[in-house]
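Colleague: My questions concern the predicted model and sequence given below.
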Amino acid sequence: MNPFVDLPSPLATVSPVIVALDFHDERSVLEFISRLEPGSCRLKVGKELFTATGPHLVQTLVARGFEVFLDLKFHDIPNTVASACKVAADLGVWMVDVHASGGRRMIEAAREALDTQSARPLLIAVTVLTSMDASDLAEIGLSDPAGQVSRLAALAQSSGADGVVCSAQEAPLLRGERGPAFKLVTPGIRLADSAADDQRRVMTPSAAIAAGSDYLVIGRPITRADEPFAVLQRINAEVAQARGAQ
Ligand SMILES: O=C(O)c1cc(=O)[nH]c(=O)n1[C@@H]1O[C@H](COP(=O)(O)O)[C@@H](O)[C@H]1O
């Protein structure tokens with residue numbers, strides 16, 4: 001039995017916010033999470049933190065009751081990605097991701113490897129990075145973001161992914177095309193008054209929920225705020241209100 005996928009979605013009871021722990025040392029993370037309740041958000045460990053601290057910290061976060069998205073965006077030959085996903089699942093994480101552009105056989109191999117696990121993490125495929133706009137895509141020979149996101153999401157779903165990472169701007173399109181159960185994980189979330197930084201396809205938390213996002217990945221607007229926990233609280237209140245209005 002798969003505790004993450006077969007049980008009722010925790011979305012009804014906990015925040016859709018996934019805080020991106022883009023720190024480079026364990027001390028900052030432990031300090032940060034010491035002020036967090038697992039119900040107030042999920043946590044994302046990405047390339048910076050994982051490279052600096054390794055799997056031990058991931059296990060610590062899991063042991064403290066947090067649902068952890070291990071965001072290493074695997075993109076390699078099918079055998080390598082499948083093996084990496086299996087090792088990630090052994091850490092007890094809630095979600096892992098691969099690049100959808102790795103193709104059908106890579107995503108299928110990842111899903112098959114995860115299906116052998118007693119507690120299978122959600123498998124999410126990254127479509128087009130939220131830091132990219134139409135001009136970035138044109139330079140690598142691709143057309144508009146929405147069209148590319150739509151194609152990659154269809155490929156991801158038919159290859160066994162549980163959902164995709166996309167911008168909230170594409171959420172209404174994908175919700176219509178991929179149905180209600182397909183998870184839409186949306187970074188590029190910015191408060192009305194926060195800087196876009198390197199993000200290009202952005203949206204506010206409440207607009208993202210209204211657009212159909214399941215999970216909001218938020219890093220700097222929370223972690224670099226003067227009062228991160230007040231900002232998280234404000235976002236949680238805002239998204240609860242947006243959900244209530246749906
Ligand atoms: O896979 C991701 O999480 C991801 C995909 C994407 O398209 N865009 C994106 O920003 N992310 C991640 O989401 C986080 C966004 O952080 P902030 O821009 O600081 O809110 C970072 O950790 C990124 O690595």
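Modeller: Received, thanks. As the structure is a computational prediction, the values presented were derived from the model and not from experiment.
Colleague: so how far is the ligand from the closest residue to residue 142 other than its chain neighbours?
Modeller: Nearest residue to residue 142, sequence neighbours excluded (Cβ to Cβ, 6 or more residues apart in numbering): residue 148, at 5.3 Å. (C-beta placed from N, C-alpha, C; glycine too.) Applying Cβ to the nearest ligand atom, to the nearest Å, the value for residue 148 to the ligand is 12 Å.
Colleague: In contact with residue 148: list those residues for me.
Modeller: 127-128, 137, 142 (Cβ atoms under 8 Å, 6 or more residues apart in numbering).
Colleague: For the helix or strand where it lies, which residues meet the burial criterion?
Modeller: Using DSSP states H and E, the element containing residue 148 is helix 145-158. Residues of helix 145-158 classed as buried: 145-146, 148-153, 155-157 (neighbour count, 16 or more other Cβ atoms under 10 Å).
Colleague: same deal with stretch 229-236?
Modeller: Buried residues in stretch 229-236 (16+ other Cβ under 10 Å): 231-232, 235-236.
Colleague: nearest to residue 163, of the contacts of residue 148?
Modeller: Among the contacts of residue 148, residue 127 lies closest to residue 163 (Cβ to Cβ), at 10.3 Å.
Colleague: Could you find the closest non-adjacent residue to the residue of the chain found nearest the ligand?
Modeller: Nearest to the ligand, among the residues of the chain, is residue 219, at 2.6 Å (Cβ to the nearest ligand atom). Nearest in space to residue 219, with sequence neighbours left out and distances taken as Cβ to Cβ, 6+ apart, is residue 20 at 3.3 Å.
Colleague: Longest strand in this structure, please.
Modeller: strand 68-74 (DSSP state E).
Colleague: distance between that one and the chain's centre?
Modeller: Centroid separation between strand 68-74 and its chain, computed with Cα atoms, centre = their mean, to the nearest Å, is 8 Å.
Colleague: Please point out which parts of stretch 49-59 sit buried.
Modeller: Of the residues in stretch 49-59, those buried (16+ other Cβ under 10 Å) are 49-50, 53, 57-58.
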